[in-house]
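*Asks:* Whatever this is, show me its structure:
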Amino acid sequence: MVQVGSVLVDPPLWLAPMAGVTDRDFRLLVRRIGGVGVVSMEFISSRAIVSGNAKTRELMYFAEEERPLAIQIYGSDPETMREAAVVVEGLGADICDINMGCPANKVLKGCAGAALMGDLKLAESIVRTVRNAISIPLTVKFRLGLDDCRRNYIDLGRMCEANGVAAVAMHARTARQMFDGQADWSHLAHLKEALSIPVIGNGDVREPEDALRMMAETGCDGVMVGRGATRNPWLFRQIAAKMAGARITEPTLEDRRDLILEHFRMVAGRENPQFALHKLRKFTGWYTHGVPHGKELRARINELGDVPSFLAAVESFFDELTSTSGPTTPRAENFLAERSTAERECAKLSIPERECAERSIPERIRGERSKSAA
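*Replies:* This next block holds a predicted model:
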């Protein structure tokens, strides 16, 4: 566990803020599965909050069940950020977070997100102004720097600590890297050595072992997971189990079916049909990763033009899959996990090494993968 101002985070695991992903439905699903300490809302423009934009206010709705919850805001004007933070506190958020790490061009063009790492005076003005306006814990998320030549995360971290920030989170890539290459966790260790406030590590946490290894190698106080949770919403529960020395369980096909249908029905009941269809297609791509014949489902749903047909296709797919394979047995779960582990190990290698490693994967795994590529 880790103390972030007045908020006790236990276990010390964060769902990262992700635009178009960490909406109320996904946050609730992750919270109900268990194992997550803090869920974060998708990052929101301070200007849109202050202007009273109806769509933005709708995005900021959350349920009591989600707590502890962080709302992340972004912008480049200190006064607008202050007003937005006051709104965040007024809505009842547990933590207000400032985005200084987003590498998206549309955010950078507004001198917000990771662009603030190139103007530490402005960044400090924003942090100080927001900190003086609210009483809930303030956190800041950033990257290593704008690029390899401008890695100034320690300077930014020290500035945050000096201005009353309760904790910082760092994605161990530069803004220029976006999500390419590999996160360099060694910098998390350097940041932790330089600060006394909690440091939350982020970047390339895809398996339970990754989270524990990050904490062991860097000394960071907690772990933030983003993209890894989109393919495996059970990841937080698995990490928490690993931390506690308990047995890690893999989701069965039935578990996947139930979660997908629950999530999709929530989305369909709340969003307009066109937007709901777009979101459902996106999540289907993530959720069916590693599922037998998942590629066939993804191809099928691209031809469907309405939400009811989409939901029926997903339900029929899993009904056929579970009836054909029968109840998911421990042996089946282990088989899927073995295949997934073998593929993950191959993906880390160079092309020549990967070709060699592919030949060493048990024949039954390669054969099944070719029949049921997902």
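
*Asks:* distance of the residue most central in space within the chain from residue 78?
*Replies:* When the chain is reduced to its mean C-alpha position, the nearest residue by C-alpha atoms, centre = their mean turns out to be residue 226, at 1.7 Å. Residue 226 sits 27 Å away from residue 78, taking C-beta to C-beta, to the nearest Å as the criterion. C-betas here are computed from N, CA, C, even on glycine.

*Asks:* again with residue 317
*Replies:* As for residue 317, its distance to residue 78 is 51 Å (criterion: C-beta to C-beta).

*Asks:* can you give me the strands for the stretch 51-200 of the chain?
*Replies:* Listed in chain order, the strands of the stretch 51-200 of the chain (DSSP state E, counting those that start in this stretch) span residues 69-74, 95-100, 138-142, 167-171, 199-202.

*Asks:* Identify the residues contacting the third one?
*Replies:* Okay, so that is strand 138-142. Residues outside strand 138-142 that contact it (C-beta atoms under 8 Å, 6 or more residues apart in numbering): 4-5, 17, 70, 72, 85, 95-101, 114, 116-117, 127, 130-131, 153, 156-157, 160, 164-171, 200, 202, 224.

*Asks:* any idea of the mean pLDDT in that strand?
*Replies:* Mean per-residue pLDDT for strand 138-142: 98.

*Asks:* Compute the inter-axis angle for it and strand 167-171.
*Replies:* Orientation note: strand 138-142 sits at an angle of 20 degrees relative to strand 167-171 (axes from the mean of the first three to the mean of the last three C-alpha atoms, to 10 degrees).

*Asks:* what angle sits between strand 138-142 and strand 69-74?
*Replies:* For strand 138-142 and strand 69-74, the angle between their directions (the same axes, to 10 degrees) works out to 60 degrees.

*Asks:* Name the strands paired with strand 138-142 and say parallel or antiparallel.
*Replies:* The sheet places strand 138-142 alongside strand 95-100 (parallel), strand 167-171 (parallel), with pairing taken from DSSP bridges.

*Asks:* And for the shortest one?
*Replies:* Strand 199-202 has the following strand partners under DSSP bridges: strand 167-171 (parallel), strand 222-225 (parallel).

*Asks:* Output these as TSV; include the columns mean neighbour count, distance to residue 310 and mean pLDDT.
*Replies:* Compiled in TSV, these are given as follows (neighbours: other C-beta atoms under 10 Å; distance: least, C-beta to C-beta, whole Å; pLDDT from 0 to 100):
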stretch	mean neighbour count	distance to residue 310	mean pLDDT
strand 167-171	27	33	98
strand 222-225	26	27	97
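
*Asks:* just to revisit the earlier point, can you check which of the strands paired with strand 138-142 gets nearest to residue 218?
*Replies:* Of all those, it is strand 167-171 that lies closest to residue 218, at 9.9 Å by C-beta to C-beta.

*Asks:* Can you pull out the residues in contact with that closest one?
*Replies:* Outside strand 167-171, the residues that touch it by C-beta under 8 Å, 6+ apart are 2, 4-5, 14, 97, 101, 137, 139-144, 153, 157, 160-161, 183, 187-188, 191, 195, 197-203, 221-222, 224.

*Asks:* My read is that the residue nearest to the centre of the chain contacts residue 204, right?
*Replies:* No. Using C-beta atoms under 8 Å, residue 226 is not in contact with residue 204, being 9.9 Å away.

*Asks:* Which residue, other than its chain neighbours, is closest to the residue nearest to the centre of the chain?
*Replies:* Sequence neighbours aside, residue 16 is the residue nearest to residue 226 in space, at 3.5 Å (criterion: C-beta to C-beta, 6 or more residues apart in numbering).
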